[in-house]
Structure formats: C-alpha cells, structure tokens
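Chemist: Make a model of this:
(chains A and B)
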Amino acid sequence: MNAPAAAQIVSCWSCKGPVATRALFCSVCGAVQGPGTIDHFTRLGIAPSFDLDLDALQRQYFGFQKRLHPDRFASKSSKEKALSQAQATSLNEAYEALKDPLKRAAYLLNHLGHPVDLTACGTINDRELLMEQMEKREALAEATSPDQIAKLAMEAESEVIACQCHISAAINASHLEEAGHLTIRLKYLAKLAEEARAKKTRALRLP
Amino acid sequence: MLLQLHEPGESPAPHESERGLAVGIDLGTTNSVVALARDGATEVLRDADGKGLIPSVVYYGDDGAVTVGADARRMILEAPDHVVSSVKRLMGRGTEDLKTLAGTLPYTLDVAADGGMVRLKVAGRTLTPVEVSADILRAVKARAEEAQGKGVDRAVVTVPAYFDDAARTATKDAARLAGLEVLRLVNEPTAAALAYGLDNAAEGLYAVYDLGGGTFDISILRMEKGVFQVKSTGGDAALGGDDIDHAIAERFLAERHKEHGIESITAGEAKQALAAARVAKECLSGRAAGDWVIEVDGKPSRHAMTRDELESLALPWVDKTMAICRGVIEDAGIEVAEIQGVVLVGGSTRMPLVRRKVRDLFGREPLADINPDEVVAVGAALQAEALTIGSDTLLLDVTPLSLGIETMGGIVEKVIPRNTPIPVAMAQEFTTYQDGQTAMAIHVLQGEREMVDQNRSLARFVLRGIPNMAAGAARIRVTFTVDADGLLTVTASEATTGVEQQVAVKPSYGLTEDEMANMLRDSLVNAKDDMASRLFAETAVEARRSVLAVQAALGADSDLLSESERQDIDAAIAGVDRAIAAGDRDAVTAASEGLEAATKTFAERRMDRGIRAALAGMTVEKLDDALGGE
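Modeler: This is a model prediction of the structure:
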C-alpha cells in the first residue's frame, strides 16, 4: 500500500481511461477488468486472519462469482469472456485456498512473510511428531471393530480441531515460527483424520 | 454498477428480431429433448402428437436421405444396417476403447480406420459419431424453429457430468456441424438440479441420481439463494439402461436359439431382440410378469419374464451405481444424513428396483416430481435464458475426473484433481532427465488411476526449444486450464529462460481442425455464408462494445475536449454505426480503427487527469471508490 498512488492506476482496456488496478469493473464504461495479482484475502474482500467465518467467506465468494462468472458474459465480446474466465478462475483459487484450514494457515503464514513448505515435509525432522503419527497410524491399521474405528476417528478429528486452535493462538500472538510447526503438524493430523473417516465409512457399509 | 452489468452490452443487431430464443437441448443416448424458457416459465417443445421425446435414432437411406426420431426407430427392424442408435456411447471414443463395449454395439464399425475416432459403417457410408449426433441435433433444431417460427442458432447443450474432455469436445463439434452455437455445455445432473431447485425453492444439500440409456451420473450439490454449487460428482459414461436391455436381449436370444437351434445371430435378430427387451423392461415397471414375441424370417419365438427375473438381471448394474454414489458422498465430505433430497433423472429411474435401491441408500423417498425424461432439457432451457437474457442464479460446477501428465515410468502426475471447481488453471513444473535435452513429449491424461495405460489419453504434444542445460536444470511449467464448459487447454513454457512454446494439441480421439472444416463444408450448403455471418457478428459485438465505451467516457470526461475534437469523435462513432448497419465486416474493422485513432488524445488526457488526481493526495482507498474498485 506504500506504492505511489499513480502506480495503482492503469488504463482501462475498453474505454482507455484511468481505472484502479484493483477495480473489477471500469467505473466509466462498465467493462470487466483483469484479475490482477492481489492476495486471496483482498480478492474475496475479507481481512487477513486464520479465524475466518466460513459462512461469510462463502457469501463473499458467491457474491463475487455472481458478478464475474463467465455465465454473466456469455453474449459479450471474446475479450470480456476471457477476462471473466480469468476473474472466476482467480476467485476459485482464492476460495479453495482459504476455505481449508490447512491451506489457509500455509497461505496466511506465507502472506505474513513466514513461508511454510508443506510439500517438502515428507521428511519429518520432528522426531516427536514422527513417533506420534506412526503409533496412531498403526492403531488405526489394527482397529477392526466399527466402534474402535469410530473412536479413533473421533480422536483424530478432535486433535485436528485442537491443532487449529493452537495455530490461531500462535498467529494472533505473532509466534509465526511456532505457527509454522503447528501447520506441518496439522497436515499429518488432517491426513490421519481423513483416513480414519474413510475407514469408518467403509466399516459402517459392511452389513 | 450492478445495473451496468445487466444492461445489454449492445443494441439489438439488425437480425436480432428474426432470431429465435436460445434453447436448452438434452442430447440423450435414447431420446433427445428440446425446451425453451421465457421469463422463467419453461416449455418442452413437442411434436403435433404432443410427444416431447425425439428418439436419438438416425436412419440413413440409400438415396442419401436422413430421417431422425420415431420414424427412424421404426426402420430398425426393417433395415437394421441403415439405422444408428445409442451413438452417444461412442462420442469421443477411440477404436481400442470399444473392446470394453464389445458385443453391446448394435452397429458395424469401420475397422480399417486405424487409431483416432471410431467410425461407423451405415448404408454404405462411413460416419463419425460426431456426424450422426449432428444429424440428431439438426432434427432437434428443426423442431425448435418450428415451435418458435424463427431460426434458432444458439443453445445450451447438456452432457453427462462424467463425460471426459474428448466426449465434451465431440458434443460441441456436433452442435457446430448442426449450425448451433453452444452457449455453454452444462452437466446433466446440474441442469436437473437447476430445474428442480428453482421449481421447489430448494435449499441445502441435494443429490441428483441420473441413470439414462447409456450413462450414469451422480452429483451432490449445495443449493443456496440462487447458487447451485456442485460439491462432488461421479459416474460411469458407459453404464445405463442399454446395458440392462442387452442383458435381457441376450437371454431372449439364448432362449430362441434353444428353440430353433440357430447358430449365428443376424443383425436383424439382434436388433429385434433388443427392441423386445426394451419393451419388456418398460412393461415390467408397471406389472409383475409378461411375455413377448420375437419374429425374424417367419420364425416366431415366445419369451416370458417376471419382474423378479428382470431385477436379478439388472441388479449388478444398479449395484454398480450404488457403489459410485457412496464414493461421491465420501468425496463431498458429508454424511448421507445431511442430504435433504435425492432427485431422480433419466428414464431408467422409472424401474422400481432403482427407486428401491436409491431409497435404501439415501434413507428417504426419492423425488421425481418433474418428468425424469424432461427435467434435464428444462434445466438447460433455464440456463439458456440466464446466459442470453440474464439471471440471478449461478451454476458452479466441478471437474469430474482428474487431469494429469505422464511422467517417467508410466506414472500419472495429477495436475488438477477431480471435483475442483471450474473454471480453473493449475500449473506443475517438470524437468528434463538427460543433459542437453531440448524437447519434451507431453502426454495429457484424464482419470483416477496411477498408471498411464489405465487412464484415458486426451492428447500428446512435443514441447521444443528447451535451452541446452544439464539434466534436471530446466523447469518446464505446464499449465492446465479448464473453462466453464469443462474443456481443457494445455500450455507449456520453460521457466528459467521464459521460452514460451506454442503447442498444437492433437486430440487423441477428436476431430482435427481440418476434418472439422471439411465436414462443415460438406454438411452446410451455405457453410461459407454461415462462417462469414459468424465472423461478422463477432466483429460487430466488439465494435459496439468500443462505441459504448467511448460514449461512456464522453459522458464522464467530455470537458477535456474542444468542440472540434468532439465532433471528430462523434463522426467516428457514426462511421462505426454505419459500417455495422451495412453488414460489411472489413468496413466495421476499419471504422473501429478510425474510432480508436480519433480517441487516442482523449484517452491520454483522461489518464493524465486520473494520475494527477491520484498524486494530488487522494488516499488509495478513496481513489478505488472513485474509480469503481472493490
């Protein structure tokens, strides 16, 4: 936001007049503009935070899509169709990144200048986390009765929620290093919870 | 600002008043339906006898005549080798795909055609499924034109949600051959949900179970205040009522051979057995038992069947759909109990067995208050109205199948996972495996399996011009883009040097641009005129847009112009209007360029003023407000 104000103005592709880089439509001629390179929070018009109201997030997403989706531009010129597709694509990307707690934590930390690499942590260097996850995985693999599996699934689910609370607290206290570790932990917890849930569904399906 | 959006971007074209409304078309395996929406009220377009269904059957006469619909279906028994039915099952399919369909196809394939798209041998002609579908669409178009008393050239066409990219492309090509501009390809369950949801003001999570003649789809949607958001979708593009018909027909033929001791099955016998099987299946939805007669070459045979027997034949197929339903519910990340309703779509859902199984799985009575044969076309018509006239509803759909790229060892690396909301663009980086490698073969695949040969090949292309580097140093960024029709485009570039490679994707099973051009030439008497009028329409839309933009700018900033400058611009605008009215594309292009030249100084002054205002200490936030920012 410290960039000179002039840099925030570009020429509208349609009427050639001035338009803010962040504008969705030109205020003079009404033409749809390109999506630009703004962050996901700004794109969906919400304040950067880990503690998002998911209903509000969805309302914002629907609201923007209602105006920018290619279905609104089906009888417009091909340039407008292409811009609307780019806008809708960016909205989908932003919404997908923010609605999921794990992706949101990683994105927010990156946004706050403390990137977490979720793909590179296939090698866990946190011994404690590694041992814990191995034990839990084993317990899930050995569980056979639907009750046992359901109990493990519930435990995994509550650990996911607890971890999310810790991430929230760490980010709000600006302990980004800690939040980064917790986010990696959340990745494993979420994976386990998902597997437990899938196993529970399969177990219940059997007569 | 919202108002500006809904203002039509152009004044009616000269031909607009003669142009019929855009229609919704359900291009089905067994039947096709066309519907129209006006002010939210929908109407299925029917023939003189009140029939809304057009059998998707085409008869090719020896004299070159083409008949579609009920008349063609009647010819199945008389001239089986002149009739094509269930062609939808072949859309976007290659010859090798058909091994899985072996024995279930009621037509002769041209085996001489190697690779690429399947071709059919009918009445001495060789036809692609795209051409046969185009013939069906021409008949559908004719019905719509008759109903409106006007030419119809725009449509929303539905496809099974589980159709892959090749089948979607083939459908769009077929419409183009039939002289229809496809406004949007809409997934059948999504179209059904739109029709159902708007009719019932439904809110919450719903499942749409769509079992047609040749395809099965299941989608889970969230409906909320005019937004129809698909959470997950799944299905089988080669599973439907046809399979059950074949199972019955096989039984009938076995019985017949026992009775008459005949060894080989003739085409006529097979088609007649299929026809009897279809009748038997439909009858047994209403009663518990019956018997049917097949007569070929003066030899009749009688076949009895009870509903229980039918159900045991149909059960494996129905159970298969149930397994797919469970997977889709799991993909949506929801529990069955959260689903507030199950909508039934497709003629095959009339079977009591299907209704029972759906009720058992979802724990509630399924909904079928809109005719399951017509609900998809009705939804498509509503979407056609939304796209052309405007609407407050919004369809947000997903990719049904994962999209990926072949990597070393024949393993597929997924680029876009299934159930990703569309439109979407995702990129993945790959690298070279040899020193000095300057080209890279890119093989695009669709499907859920890990190995290349278990997935569907969509396209292959070669990225050339990679700079000479050590193995693993190049960074090839491959971007997959899926548009709102669910169609994929692929681009690739080398990231360290920025070498962008223009790649022509040759579809594995589609038609090439050349083939398409040839077919257009062959099929349309006035193909040239058609192409020219399309190009003109596109140019005129663009020219009108620029006139409106200049007029808007004049409304805001005309104080920046002297009297004579203003007159020049007004004259340029009048020039564009005149060229459009004259219907001359080159003149429109020239006039548009003239307008751009006449407004160049004006645009510069407007930019200067905008930037000066910004520098004059206005806060960025205020400026955004002033300039229409969000």
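Chemist: remind me, longest helix of the chain?
Modeler: With no chain named, the answer covers chain A. Across chain A, the longest stretch assigned as helix under DSSP state H is helix A:176-205.
Chemist: meant chain B actually
Modeler: Secondary structure assigned by DSSP H gives helix B:527-557 as the longest helix of chain B.
Chemist: The lowest-mean-pLDDT helix or strand in chain A: which residues count as buried?
Modeler: Here the helix or strand of chain A ranked lowest by mean pLDDT, DSSP states H and E is helix A:127-142, holding a mean of 81. For helix A:127-142, a neighbour-count test (16 or more other CB atoms under 10 Å in any protein chain shown) marks A:129, A:132-133, A:136, A:140 as buried. For the C-beta atoms, the positions are set from N, CA and C on the backbone; glycine is no exception.
Chemist: Against B:Val547, how distant is B:Leu396?
Modeler: Look at B:Leu396 and B:Val547: by CB to CB, to the nearest Å, they are 33 Å apart.
Chemist: now do B:Ser391
Modeler: As defined by CB to CB, B:Ser391 lies at a distance of 26 Å from B:Val547.
Chemist: Now residue 23: phi and psi?
Modeler: I'll assume chain A. Backbone torsions for A:Ala23, taken as degrees, to the nearest 10, come to phi -70, psi 140.
Chemist: should've been chain B
Modeler: According to degrees, to the nearest 10, B:Val23 has phi -110, psi 170.
Chemist: Might you report the residue contacts of it?
Modeler: B:34-36, B:45, B:144, B:152, B:154-156, B:380-381, B:384 (CB atoms under 8 Å, 6 or more residues apart in numbering or on different chains).
Chemist: Filter the residues you listed down to just the buried residues.
Modeler: Neighbour counting over these (16+ other CB under 10 Å) leaves B:34-36, B:45, B:144, B:152, B:154-156, B:380-381, B:384 as the buried ones.
Chemist: where are the low-confidence patches of the chain?
Modeler: I went with chain A, as the question did not name one. Scanning chain A for pLDDT under 70 picks out A:1-7, A:120-125, A:205-207.
Chemist: was after chain B, sorry
Modeler: Scanning chain B for pLDDT under 70 picks out B:1-18, B:96-107, B:110-116, B:262-264, B:500-513, B:515-531, B:617-630.
Chemist: now, among the buried residues of helix A:127-142, which is nearest to A:Glu159?
Modeler: For the buried residues of helix A:127-142, the residue nearest A:Glu159 by CB to CB is A:Lys136; the value is 8.7 Å.
Chemist: Now do the residue in the stretch 501-630 of chain B that chain A sits nearest to against B:Thr496, distance only.
Modeler: Nearest to chain A in the stretch 501-630 of chain B, going by CB to the nearest CB, is B:Gly610, at a distance of 2.4 Å. Distance of B:Gly610 to B:Thr496, computed by CB to CB: 38 Å.
Chemist: show me the contacts for the residue nearest to A:Ala139 when sequence neighbours are not counted.
Modeler: Excluding its sequence neighbours, the residue lying closest to A:Ala139 (CB to CB, 6 or more residues apart in numbering or on different chains) is A:Leu152, at 6.3 Å. Applying CB under 8 Å, 6+ apart to A:Leu152 gives the contacts A:136, A:139-140, A:143, A:196.
Chemist: which of those sit farthest apart?
Modeler: Greatest spacing in these, by CB to CB: A:Lys136 and A:Ala143 (10.6 Å).
Chemist: returning to what we had before: and B:Gly610 and B:Thr496? Which one has more around it.
Modeler: Counted by other CB atoms under 10 Å in any protein chain shown, B:Gly610 and B:Thr496 do not tie: B:Gly610 has more neighbours, with 24 against 13.
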